[in-house]
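Chemist: predicted model and sequence below, questions to follow.
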Amino acid sequence: MYISKTFIWLTCFLLLSSCTNDKWQQDLVQRGNLTHAINNAIIDFIHTSNLSKKDSIFTVSITEKNAKCIQVTIAIADDVVLPSAKDSIGAYDPSFPTNYVVNEGNLFYWNDSTQVITQELLSVLEKYDHIDYRFNDLPFIVGGVHNDGMEGIRYCICKKDLTKYTKTRIKGPFQ
């Protein structure tokens, strides 16, 4: 009798824990564009990486590795964003973030070549105290994101099925 009650409780516990673990995976999108791939990586990162508990601000780097894979790297933002004189609302700078997502209180930002710098983005960076305007009027300052000692996760996401990906923990500069 004692063994069967223990077995029933253990079975219920395992069943409930497997249901809660899979809930976030239901938010992943199977087909879509680059934004969907980034969102899938962010969802996985929040729910599976212990790095998501270390900080609340992360940089995202995107490259199309080949015809089959999109590479998305999410890293702890170890330095603030430094705007230069050319980084103003409505402008585009390849080294300055132009897109972001706030997910479960965490800020993820990246450069999106289809977007320009917006007041909304600057306001979010200010809210997270992650932008430093002190040097933006100096012509020799290289603005943007400088992330030299970063720690993160690199995702290789299948373009045909965005729910299929591999991930690797990385340390050091983006490669």
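Modeler: Arrived safely. Numbering: from 1, shown residues only.
Chemist: how near is the closest residue to residue 165 other than its chain neighbours to residue 74?
Modeler: Spatial nearest neighbour of residue 165, excluding adjacent residues (C-beta to C-beta, 6 or more residues apart in numbering): residue 157 at 4.3 Å. In this view, the C-beta of every residue, glycine as well, is placed from N, C-alpha and C. Distance from residue 157 to residue 74, counting by C-beta to C-beta, to the nearest Å: 12 Å.
Chemist: if you count surrounding residues, which of the two has more?
Modeler: Shown here are residue 157 and residue 74; by other C-beta atoms under 10 Å, residue 74 has more neighbours (28 against 25).
Chemist: check which helices and strands the helix or strand hosting the more buried one is in contact with.
Modeler: Here residue 74, judged by DSSP states H and E, is contained in strand 69-76. On a contact count with 3 or more C-beta pairs under 8 Å, 6 or more residues apart in numbering; DSSP states H and E, strand 69-76 meets helix 34-48, strand 57-64, strand 151-158.
Chemist: what is the rounded mean pLDDT of that strand?
Modeler: Strand 69-76 shows an average pLDDT of 94 in the prediction.
Chemist: give me the next element, helix or strand, following it.
Modeler: strand 99-103.
Chemist: which strands and helices sit next to whatever helix or strand comes next after that next one?
Modeler: Using DSSP H and E, the helix or strand that follows strand 99-103 in sequence is strand 106-110. Counting contacts by 3+ C-beta pairs under 8 Å, 6+ apart, strand 106-110 is packed against helix 34-48, strand 57-64, strand 99-103, helix 119-127.
Chemist: rerun at 10 Å
Modeler: In terms of contacts (3 or more C-beta pairs under 10 Å, 6 or more residues apart in numbering; DSSP states H and E), strand 106-110 is packed against helix 34-48, strand 57-64, strand 69-76, strand 99-103, helix 119-127.
Chemist: next, the angle from the shortest one to strand 57-64.
Modeler: Okay, so that is strand 99-103. Computed by axes from the mean of the first three to the mean of the last three C-alpha atoms, to 10 degrees, the angle separating strand 99-103 from strand 57-64 equals 130 degrees.
Chemist: who does strand 99-103 pair up with?
Modeler: strand 106-110 (antiparallel) (DSSP bridges).
Chemist: now the partner strand, how far from the centre of its chain.
Modeler: Centroid separation for strand 106-110 versus its chain: 6 Å, with C-alpha atoms, centre = their mean, to the nearest Å.
Chemist: export it as CSV, just CAs?
Modeler: Extracted in CSV, the C-alpha atoms of strand 106-110 (Å, rounded to 0.1, in the frame of the first residue of the first chain):
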residue,chain,number,x,y,z
ASN,A,106,15.2,41.3,-19.2
LEU,A,107,16.4,43.6,-22.0
PHE,A,108,17.8,42.1,-25.2
TYR,A,109,19.0,44.5,-27.8
TRP,A,110,20.6,44.2,-31.3
